[in-house]
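S.K.: I would like to see how this sequence folds:
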Amino acid sequence: MFELLTRVPDDPILGISAAFKRDATPLKVDLGVGVYKNDQGQTPVPAAVKKAEAEIIATQGSKTYLTPVGNPGFNAQVLELVMGSDFAGRKDDAAAVQAPGGSGALRLGAELIRVSSPRSVIHVSDPTWANHIPLLGGAGFTIERYPYYSAAQHTIEFDRMISHLEALPSGAVVVMHACCHNPTGQDLNLAQWAAIADLVARRGLLPYVDLAYQGLGDDLERDAASIRTLARQVPEMLVAVSCSKNFGLYRERTGLLIVLTSSAERAAIATGQLGRLARTIYSMPPDHGAAIVDRILSQPDLRRSWAEELAAMAARINGLRGLLADGLNARVPGGNFGWITHQRGMFSRLDLTPAMVETLRDQHHVYVAPDGRINIAGVSATNVDHVATAIAAVMAES
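M.R.: Predicted coordinates:
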């Protein structure tokens, strides 16, 4: 049986990390994998996470199963973090189920859509996070793209996006990035979100929002404003939440799926269906990361410490945007990289061809995703000159 299997190509993003680790050059810089890094190039564990984890380990008396829907405290706390204290007036209409990371939440939501409407087509932005397509398409859906970003102008193609969405049939699923768009860093503004909310409500589309970076764009409230704007207008929506980046819980696989329905009764039905689906896929979600998040968000001192550290992380990333833009402006003749400073989150997408990306890696030891996406958090005051000089050199050679 297994002799029929064929070799799978290396994951293009994870392959960057592996190649970076093999590189013995001290000047090497990893701008590929999407994890937060400090000035030393490390991905730290937030102080509040360490403290909450120690308290949990000291007091936890059992590691018995919870339920397929997960840690109830975590579900309630993250639901409020995302939806706000007033829940857009719809607290009872929301089902919230813990999942194995944001990726698990995305797939669980896709499975729920498949049960409800198996012939739906899922539409993702062009470009989008590379794993959206296999995660959602793996549930059996056709994936199509809608216009989003102009690489030439470094702006959102909002008029084209609106025109495309207007033409979609009722029931189409539209995947959107709540904030810190991956891979471009280019986000819709509040007026644009309001227009999107009006459109999807009027056309009967189903928004499926990916929230992977709350607090790493502007702040916790503004980064969730897109979701809250939608919730005030649309009857139904899904939100996949990741706690990997803002809580530093990458390997703990801590996520939440929110399903906003038209009534409390439908929310209860959705919760039951999600529990059943989870039971058939992975049975129970891992609890450790969820217990940490629950403790942080429910303890005022821990919550304050976490929020302050998160705000410092966001401020650092936004500061690095200016540092990199200045470095490139000084080295690329006629260059204008101010658009980098207007973006948000960890990512930006440079005008780099695959050949230029290879040259950056092989000749300058700067590691970038094949599509030119860079992780801004991998830049630092100590490596920005090397990074800017390398990028300018490959651009000059093209």
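
S.K.: from Ala225, how far out is the closest residue to Arg222 other than its chain neighbours?
M.R.: Closest residue in space to Arg222, ignoring its immediate chain neighbours: Cys179 at 7.8 Å, by C-beta to C-beta, 6 or more residues apart in numbering. All C-beta spots, glycine's among them, are computed from the backbone N, C-alpha and C. Going from Cys179 to Ala225 by C-beta to C-beta, to the nearest Å gives 8 Å.

S.K.: who's more crowded, those two?
M.R.: Taking other C-beta atoms under 10 Å, Cys179 and Ala225 do not tie; Cys179 has more neighbours (25 against 17).

S.K.: the more buried one touches Tyr213, doesn't it?
M.R.: Yes: if you go by C-beta atoms under 8 Å, Cys179 and Tyr213 touch, sitting 5.9 Å apart.

S.K.: give me the common contacts of those two.
M.R.: Asp223, Gly345 (C-beta atoms under 8 Å, 6 or more residues apart in numbering).

S.K.: list residues touching both of Cys179 and Ala225?
M.R.: Common neighbours of Cys179 and Ala225, using C-beta under 8 Å, 6+ apart, do not exist here.

S.K.: what pLDDT does Gly334 get?
M.R.: With respect to pLDDT, Gly334 has a value of 85.

S.K.: that one: helix or strand, and which one exactly?
M.R.: If you go by DSSP states H and E, Gly334 is not part of any helix or strand.

S.K.: how many residues are close by it?
M.R.: The local packing of Gly334 (other C-beta under 10 Å) involves 5 other residues.

S.K.: measure it to Leu328 for me?
M.R.: Distance, Gly334 to Leu328, using C-beta to C-beta: 11 Å.

S.K.: same question, Ala96
M.R.: From Ala96 over to Leu328 the distance is 42 Å, taken as C-beta to C-beta.

S.K.: these two - which one has more neighbours?
M.R.: Neighbour tally, Ala96 and Leu328, criterion other C-beta under 10 Å: the higher count belongs to Ala96, 27 against 22.

S.K.: secondary structure class for that one?
M.R.: strand (DSSP: H, G, I helix; E, B strand; the rest coil).

S.K.: could I get the full set of strands for the protein?
M.R.: For the chain, strands defined by DSSP state E occupy the ranges 29-30, 94-100, 121-126, 142-147, 149-150, 155-156, 173-177, 206-211, 237-242, 254-260, 347-349, 366-367, 373-375.

S.K.: quick one, which of the ones you listed is nearest to Asp219?
M.R.: Of all the strands of the chain, strand 206-211 sits nearest to Asp219, with 13.9 Å by C-beta to C-beta.

S.K.: what residues does stretch 347-364 touch?
M.R.: Counting by C-beta under 8 Å, 6+ apart, 19, 34, 127, 149, 151, 180-185, 321, 340, 366-376, 386, 389-391, 393-395, 397-398 sit against stretch 347-364.

S.K.: pull out the buried positions in that stretch.
M.R.: Phe347, Ser348, Arg349, Leu350, Leu352, Met356, Val357, Thr359, Leu360, Arg361, His364 (16 or more other C-beta atoms under 10 Å).

S.K.: and those residues, which of them are in helices?
M.R.: Judged by DSSP state H, helices contain the following of these: Met356, Val357, Thr359, Leu360, Arg361, His364.

S.K.: contacting residues around Val293?
M.R.: Applying C-beta under 8 Å, 6+ apart to Val293 gives the contacts Phe74, Gln77, Val78, Cys243, Phe247, Leu249, Thr254.

S.K.: from Thr128, how far out is the first one?
M.R.: In other words, Phe74. Going from Phe74 to Thr128 by C-beta to C-beta gives 27 Å.

S.K.: just want to know which of these two has more residues nearby.
M.R.: Taking other C-beta under 10 Å, Phe74 and Thr128 do not tie; Phe74 has more neighbours (27 against 23).

S.K.: out of everything not next to it in sequence, what's closest to that one?
M.R.: In space, and not counting its chain neighbours, Phe74 is closest to Ala290: 3.8 Å by C-beta to C-beta, 6+ apart.

S.K.: what do you get for Ser298?
M.R.: Leaving aside its chain neighbours, Ser298 sits nearest to Gln77 (6.1 Å; criterion: C-beta to C-beta, 6+ apart).

S.K.: do Lys245 as well
M.R.: Closest residue to Lys245 apart from its sequence neighbours, by C-beta to C-beta, 6+ apart: Tyr213 at 5.5 Å.

S.K.: where does that neighbour fall, phi/psi-wise?
M.R.: Dihedral angles phi and psi of Tyr213 (degrees, to the nearest 10) take the values phi -140, psi 30.

S.K.: mind listing what's buried along stretch 40-50?
M.R.: For stretch 40-50, burial by neighbour count (16+ other C-beta under 10 Å) applies to Pro46, Ala48, Val49.

S.K.: quick check: the residue nearest to Phe74 vs Ala96, distance?
M.R.: For Ala290, the distance to Ala96 - C-beta to C-beta - is 12 Å.

S.K.: can you check His123 too?
M.R.: The gap separating His123 from Ala96 is 25 Å, by C-beta to C-beta.

S.K.: ditto for Ala393
M.R.: Applying C-beta to C-beta to Ala393 and Ala96 gives a distance of 49 Å.
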